[in-house]
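Engineer: sequence? don't have it. structure:
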């Protein structure tokens with residue numbers, strides 16, 4: 001006797017309608033027109049009065065007795081001295097090592113930092129995908145699933161990502177690739193062994209998997225345009241003011257989205273060149289020259305970790321092939337508008353206060369926070385009905 005029923009499969013294809021938004025808007029206007037035409041003069045006057053009453057209520061400050069009911073901190077509640085983080089600067093095999101003697105419940109936190117300055121400028125936009133490939137492609141002996149399972153068993157996780165920042169008073173930005181990981185003290189040897197495995201043994205040969213990375217990154221960027229347009233606007237403005245902002249925008253802004261769209265069409269035709277570029281990036285980035293180790297744990301574990309750090313450093317190449325392209329590019333300093341499929345408008349404005357003679361003072365932090373939480377909140381969100389407003393101050397740029 002058979003208990004299997006015939007299976008019927010139906011497919012539905014949904015096509016976007018480019019005219020739907022305009023039709024909805026026209027329908028809404030017609031509804032409002034009909035509602036207004038049905039209202040008497042007394043109804044319109046009452047609507048105007050209620051609107052004015054609402055606006056006055058929104059713009060009227062809360063009374064002192066209401067503000068006192070909100071929990072708040074006084075100046076006496078804020079420590080006058082910053083939290084002290086111990087740091088000891090040492091050296092292992094010619095590489096600077098920063099050690100932080102802190103209680104970590106027997107966990108060792110480690111960061112290995114490499115200089116991006118030796119990487120060719122033409123490879124910059126490939127860097128986020130390069131970092132993802134290190135973590136999500138396999139080696140000669142393990143596929144990416146086995147590699148990630150091993151990392152999960154032996155450590156608390158390993159991540160690889162680019163880091164950029166302006167340096168106060170300098171044009172040249174700080175550009176680094178950070179390999180971060182953590183493990184119990186008994187697994188520190190495994191942690192550094194797996195870090196070395198990621199940096200030197202991962203094979204850039206899985207074309208279809210890399211294509212998935214590109215498609216996923218493109219989809220995330222397109223969603224970010226619609227849902228986090230304020231971040232995109234801030235990145236564009238930053239890219240016009242300083243080199244670090246330009247680098248970040250190339251790896252996570254509109255320029256990066258344009259690069260991903262172009263790259264997606266080239267993978268099938270030009271994979272050998274892309275794979276060779278990934279390998280060239282590995283050789284130029286990962287070297288003892290310009291490397292920095294940052295490690296945090298208690299003194300006993302810091303001392304034990306030294307031999308594993310030395311072994312890790314010995315496995316690194318001694319010198320990279322240096323790139324010669326400068327990192328001082330910026331986007332043109334012009335006003336611009338970017339059209340995206342959303343009903344929300346994201347607007348931003350930025351300027352360099354230091355060029356106007358501003359001298360850094362701690363009050364800048366208070367002022368920017370005050371503007372965000374008071375004037376912008378009250379005027380833009382409460383009274384204006386918008387999603388919100390932000391004010392940010394970058395002390396480095």
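Structural biologist: Nice, I can see it. Values in this document were obtained by computation on a predicted structure and should not be read as measured data.
Engineer: ok, and the closest non-adjacent residue to residue 215?
Structural biologist: residue 264 (6.3 Å; Cβ to Cβ, 6 or more residues apart in numbering). In this view, the C-beta of every residue, glycine as well, is placed from N, C-alpha and C.
Engineer: which parts of the stretch 101-250 of the chain are strands?
Structural biologist: Under the criterion DSSP state E, counting those that start in this stretch, the stretch 101-250 of the chain contains strands at 107-115, 158-165, 174-184.
Engineer: dump those into TSV; add mean neighbour count, distance to residue 23 and mean pLDDT as well.
Structural biologist: Below are these laid out as TSV (neighbours: other Cβ atoms under 10 Å; distance: least, Cβ to Cβ, whole Å; pLDDT from 0 to 100):
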stretch	mean neighbour count	distance to residue 23	mean pLDDT
strand 107-115	21	54	96
strand 158-165	18	44	94
strand 174-184	20	49	95
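Engineer: please name whichever of those is nearest to residue 380.
Structural biologist: strand 158-165 (28.8 Å; Cβ to Cβ).
Engineer: tell me the helices and strands packed up against the closest one.
Structural biologist: The contact analysis (3 or more Cβ pairs under 8 Å, 6 or more residues apart in numbering; DSSP states H and E) places strand 158-165 against helix 127-136, strand 174-184, helix 188-200, helix 243-250.
Engineer: gap between that strand and the chain center?
Structural biologist: With Cα atoms, centre = their mean, to the nearest Å as the basis, strand 158-165 stands 10 Å off its chain's centre.
Engineer: then stretch 182-194?
Structural biologist: The answer for stretch 182-194 is 27 Å, by Cα atoms, centre = their mean.
Engineer: swap in stretch 277-291?
Structural biologist: Using Cα atoms, centre = their mean, the offset of stretch 277-291 from its chain centre is 22 Å.
Engineer: measure it end to end?
Structural biologist: 22 Å (Cα to Cα, to the nearest Å).
Engineer: quick one on the thing from earlier: residues near the residue nearest to residue 215, how many?
Structural biologist: 14 (other Cβ atoms under 10 Å).
Engineer: isn't it up against residue 217?
Structural biologist: No: at 9.3 Å, residue 264 and residue 217 do not qualify as touching, with contact defined as Cβ atoms under 8 Å.
Engineer: what about the helices in the stretch 251-397 of the chain?
Structural biologist: 254-285, 299-314, 363-370, 376 (DSSP state H, counting those that start in this stretch).
Engineer: with distance to residue 146 added, can I get the ones you listed in JSON lines?
Structural biologist: As requested, these are exported to JSON lines (distance: least, Cβ to Cβ, whole Å):
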{"stretch": "helix 254-285", "distance to residue 146": "21"}
{"stretch": "helix 299-314", "distance to residue 146": "21"}
{"stretch": "helix 363-370", "distance to residue 146": "47"}
{"stretch": "helix 376", "distance to residue 146": "50"}
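Engineer: ok, and the closest non-adjacent residue to the residue nearest the centre of the chain?
Structural biologist: Closest residue to the average C-alpha location of the chain: residue 252 at 7.2 Å, with Cα atoms, centre = their mean. Nearest residue to residue 252, sequence neighbours excluded (Cβ to Cβ, 6+ apart): residue 235, at 6.6 Å.
Engineer: contacts only, for the one you found.
Structural biologist: The contact partners of residue 235, by Cβ atoms under 8 Å, 6 or more residues apart in numbering, come to 245, 248-249, 252-254.
Engineer: could you do residue 237 as well?
Structural biologist: Residue 237 touches 245, 348-350, counting by Cβ under 8 Å, 6+ apart.
Engineer: please repeat the previous calculation with a cut-off of 6 Å.
Structural biologist: 348, 350 (Cβ atoms under 6 Å, 6 or more residues apart in numbering).
Engineer: can you tell me how far it is from residue 110?
Structural biologist: 35 Å (Cβ to Cβ, to the nearest Å).
Engineer: circling back: let me know the pLDDT of the residue nearest to residue 252.
Structural biologist: At residue 235, the model reports a pLDDT of 90.
Engineer: for it, give its distance to residue 225.
Structural biologist: 11 Å.
Engineer: count of residues packed around the residue lying closest to residue 144 once chain neighbours are set aside?
Structural biologist: Closest residue to residue 144 apart from its sequence neighbours, by Cβ to Cβ, 6+ apart: residue 138 at 4.5 Å. Look at residue 138: counted by other Cβ under 10 Å, it has 18 neighbours.
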